[in-house]
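> fold the following for me, if possible:
(chains A and B)
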Number of protein chains: 2
Amino acid sequence: MVTDEQRLACAYLLKVAEPPAYALRRFVAEHGLIAAAEAVRAGEVPDAVSLETSARRHIDTAAEDLAAGERAGARLVTPEDEDWPAWPLLPLTNAAARGLKWASAPLGLWVRGSVPLDEALQRAVSVVGARAATSYGEHVAAEMGYGLASRGMSVVSGAAYGIDGAAHKGALNANGCTIAVLACGIDKAYPAGHSLLIDRIAAQGLVITEYPPGTPPGRHRFLVRNRIIAALGIGTVVVEAGQRSGARNTAASAAALGRVLMVVPGPVTSAMSMGCHDLLRDGLATSVSSVAEVIESVGLFGEDLVTRTGSTARPTDGLDSESLRVHEALELRATHSAERIAEVSGVPLPRVRAVLPALELTGLADRCESGWRRASVEV
Amino acid sequence: MVTDEQRLACAYLLKVAEPPAYALRRFVAEHGLIAAAEAVRAGEVPDAVSLETSARRHIDTAAEDLAAGERAGARLVTPEDEDWPAWPLLPLTNAAARGLKWASAPLGLWVRGSVPLDEALQRAVSVVGARAATSYGEHVAAEMGYGLASRGMSVVSGAAYGIDGAAHKGALNANGCTIAVLACGIDKAYPAGHSLLIDRIAAQGLVITEYPPGTPPGRHRFLVRNRIIAALGIGTVVVEAGQRSGARNTAASAAALGRVLMVVPGPVTSAMSMGCHDLLRDGLATSVSSVAEVIESVGLFGEDLVTRTGSTARPTDGLDSESLRVHEALELRATHSAERIAEVSGVPLPRVRAVLPALELTGLADRCESGWRRASVEV
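Just a heads-up that it's a prediction; the model follows:
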């Protein structure tokens, strides 16, 4: 059980430090939420922590923030809570331990929605991409969202216009779980045009953020937020991305975190696929053309290995090159002697004499009084 | 100088043995054209050579074939000729020496067109793909053909409908050199609907084949022909390919020959791009989205390395994350004190006091009597 005091300490620290708060996160891991919050409030912290907290440490609105969260239908999940997604966030913790400061795990998460956070994140794939997506990209993102959700995966994205929105909607249409990670407070809807969509996500899946209620979105917050999207999916699929795109930042984060990075190819004539093709060309990402390939790439279900369908089989498919040459020397409307077939095909006469009866057995050649003919039963 | 006798021997052997004639090719390399032809004619050859030549060795139409070639405007180029493309064909010779029998180099080549064969093949790229191409694929193939030819590369392909034809036409439109490798006699046009195109290719570039005049195309001949297309290009670009496609055979050959294999991505909703995406996903091919990327991949011109353009730069691009946070805390229509900016941005006050004048210097912030404001000169 998490005490009120712990939750207030968590809310206070989330308000005071602008994420990713690398030094503070380590300080909290060492001293616990309550002692860390007290030390920050008193200004009795190491220099690195002070740098992250001195500007706002006098602002203690923890109680108000918890009340505002509640009014917005949200709860604050702390690392001490049972449904804290420690496992999905582990790549962030590990990367930060390796010195990647941008990769610090969040100090806590504001959560709207009734699904337990850790359950929702047990099998998750992130689907991201350009806001200025094409109809092709939105179509593929919606299909990905729908297909992943239908197979019991959660779809993580950023609630933005374009690819993000299409992926969320696809998952919602499959009655699946989808998770929007915001770059602003849980009581804000950004972009405003997606406020209804965000409400639907909260009703059926989860809306989460590390930013306290009231926080406006900001460009650096989108970049900081992207690390969480990149971490929460076992893999990240980039559906469309221009050569300069926030989705490429998420992609780079996913790769740095050791997550599976996938891209959807598109027309080379489309600027919105350039970022995807660059990632492919640079060998940083795997190409995925279907939901089945995504699932195969993230390796969640062994039984879901993609079986490529190939098109219709031809009756001559199993033939070795010699038999194929003999078969091609046969005609539908004329019969030929084995000697003539040897000449036309270039296959030695004894071999022709051996191959022809075999072709007859498999229904590919007919033996007539005047010689051999191609059978007409082909596909 | 090649003697008439040598040329007749070469024509005889090309008629007698169905390519790829692995054992015969080795036999000729050992004994020379004339002695090899005499031995084949007399039936005094090792078993392996006999297997390749016994069915037709009695057919000696070498003189007639040379006359038929001449009537079709073609000459026979033998390995003894000065313009024999020994260097471009080397991957075949090497692969055959490693035991890959399908990869035997041709015994000779029938050639229509006035460009010296070796010159035309000095800098060549093969462009292949599906016959049932989409308009997207044909557009890209034509652009590739045009762009490669404009940069002085020869474009090798198979004269088929769809991608092949589009690539040839693109090169012709750039007044460049393009080479069609046929799977039938030099006096035949296949497909018939491309007979005018093949004439144009012969007039401006080259049409070549190892099959003697009069030989009809056959399914196995297309597969055998593909090894020559795969060898002659320093790299092979697959523009579109279904999951089951002759182009994938050419692609596999190119990879086996150690040539650079490239594919053009396309919409994942298009069946005609599936073969390309499979090659990418399997790590067998490099993704290419432009002529510049093809040239970079084949490594012909060091100075042609692709410079990715990226889109318009933003004035805030160079900022570190701290300065970005301070900049975002500024407003266009209101001024704030440094203290307030420290709170909003979470950046410590002393750092805010250092960053603001720097932002002012670069034109991103304005200092007013009542505090600091975001400058309005942004892009």
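> which helix or strand contains the residue nearest to A:Ala103 when sequence neighbours are not counted?
Leaving aside its chain neighbours, A:Ala103 sits nearest to A:Ala95 (3.6 Å; criterion: Cβ to Cβ, 6 or more residues apart in numbering or on different chains). Every residue, glycine included, has its C-beta placed from N, CA and C. Using DSSP states H and E, A:Ala95 sits within helix A:86-97.
> neighbouring strands - and their directions - for the next helix or strand along the chain from that helix?
The C-terminal neighbour of helix A:86-97 among helices and strands, as given by DSSP H and E, is strand A:109-112. Counting by DSSP bridges, the strands paired with strand A:109-112 are strand A:74-77 (antiparallel), strand A:206-209 (antiparallel).
> would you reformat those strands as JSON lines and include mean pLDDT, distance to A:Arg314 and mean neighbour count?
Shown next, in JSON lines, are these (pLDDT from 0 to 100; distance: least, Cβ to Cβ, whole Å; neighbours: other Cβ atoms under 10 Å in any protein chain shown):
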{"stretch": "strand A:74-77", "mean pLDDT": "98", "distance to A:Arg314": "58", "mean neighbour count": "22"}
{"stretch": "strand A:206-209", "mean pLDDT": "98", "distance to A:Arg314": "51", "mean neighbour count": "26"}
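> distance to B:Leu257 added to these, as CSV?
Formatted as CSV, the strands paired with strand A:109-112 follow (distance: least, Cβ to Cβ, whole Å):
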stretch, distance to B:Leu257
strand A:74-77, 58
strand A:206-209, 52
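> residue contacts, the residue nearest to A:Ala103?
Shown in contact with A:Ala95 (Cβ atoms under 8 Å, 6 or more residues apart in numbering or on different chains): A:Ala103, A:Ala256, A:Leu257.
> quick check: it vs chain B, distance?
With the distance defined as Cβ to the nearest Cβ, to the nearest Å, A:Ala95 ends up 17 Å from chain B.
> now do that residue, the pLDDT please.
A:Ala95 carries a pLDDT value of 94.
> buried residues, the helix holding A:Ala95. List them.
Of all the residues in helix A:86-97, those buried under the rule 16 or more other Cβ atoms under 10 Å in any protein chain shown are A:Pro88, A:Leu89, A:Pro91, A:Leu92, A:Thr93, A:Ala95, A:Ala96.
> which stretches in the stretch 251-379 of chain A count as strands?
A:260-263, A:286-287, A:365-368, A:371-374 (DSSP state E, counting those that start in this stretch).
> export those to TSV and tack on distance to A:Asn249, mean pLDDT and mean neighbour count?
Shown next, in TSV, are the strands of the stretch 251-379 of chain A (distance: least, Cβ to Cβ, whole Å; pLDDT from 0 to 100; neighbours: other Cβ atoms under 10 Å in any protein chain shown):
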stretch	distance to A:Asn249	mean pLDDT	mean neighbour count
strand A:260-263	12	96	25
strand A:286-287	19	96	24
strand A:365-368	63	88	15
strand A:371-374	61	91	20
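> so which of the ones you listed gets nearest chain B?
strand A:286-287 (4.3 Å; Cβ to the nearest Cβ).
> can you say which of the strands of the stretch 251-379 of chain A is nearest to A:Thr3?
strand A:260-263 (38.3 Å; Cβ to Cβ).
> in the stretch 51-200 of chain A, which ranges drop under the pLDDT threshold?
For the stretch 51-200 of chain A, applying pLDDT under 70 flags no range at all.
> and it, which residues reach chain B?
A:Leu51, A:Glu52, A:Ser54, A:Ala55, A:Arg56, A:Ile59, A:Tyr136, A:His139, A:Val140 (Cβ under 8 Å from any Cβ of the partner chain).
> doesn't B:Arg340 make contact with the fourth one?
Same thing as A:Ala55. No. With contact defined as Cβ atoms under 8 Å, A:Ala55 does not count as touching B:Arg340 (10.2 Å).
> so what's A:Cys184 up against?
A:Cys184 makes contact with A:Tyr190, A:Thr209, A:Tyr211, A:Thr215, A:Pro216, A:Pro217, A:Arg221, according to Cβ under 8 Å, 6+ apart.
> take these and lay them out in TSV including secondary structure.
TSV is the format used below for the contacts of A:Cys184 (DSSP: H, G, I helix; E, B strand; the rest coil):
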residue	secondary structure
A:Tyr190	coil
A:Thr209	strand
A:Tyr211	coil
A:Thr215	coil
A:Pro216	coil
A:Pro217	coil
A:Arg221	helix
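> quick check: the two most widely separated of the residues you listed?
In terms of Cβ to Cβ, the contacts of A:Cys184 reach their longest pairwise distance at A:Thr209 and A:Pro216, which sit 12.0 Å apart.
> list residues touching both of these two?
By Cβ under 8 Å, 6+ apart, the residues touching both A:Thr209 and A:Pro216 are A:Cys184, A:Gly185.
> rewinding a little: centre of the chain to the helix holding A:Ala95, how far?
Distance of helix A:86-97 from its chain centroid, counting by Cα atoms, centre = their mean, to the nearest Å, is 18 Å.
> with stretch A:353-360 instead?
Taking mean C-alpha positions (Cα atoms, centre = their mean), stretch A:353-360 and its chain are 53 Å apart.
> for stretch A:196-209, buried residues please.
Using 16+ other Cβ under 10 Å as the test for burial, stretch A:196-209 gives A:Leu197, A:Ile198, A:Arg200, A:Ile201, A:Ala202, A:Gln204, A:Gly205, A:Leu206, A:Val207, A:Ile208, A:Thr209.
> just stretch A:333-341 next, same as before
In stretch A:333-341, counting by 16+ other Cβ under 10 Å, buried: A:Thr335, A:His336, A:Ile341.
> I'd say the second one and A:Gly371 touch.
Yes. A:His336 lies in contact with A:Gly371 (Cβ under 8 Å); the separation is 5.0 Å.
> would you map out the domains in chain A?
The record's domain parsing of chain A by automatic domain parsing lists A:68-304, A:321-374.
> could these go into CSV alongside distance to B:Gly73?
CSV is the format used below for the domains of chain A (distance: least, Cβ to Cβ, whole Å):
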stretch, distance to B:Gly73
domain A:68-304, 38
domain A:321-374, 26
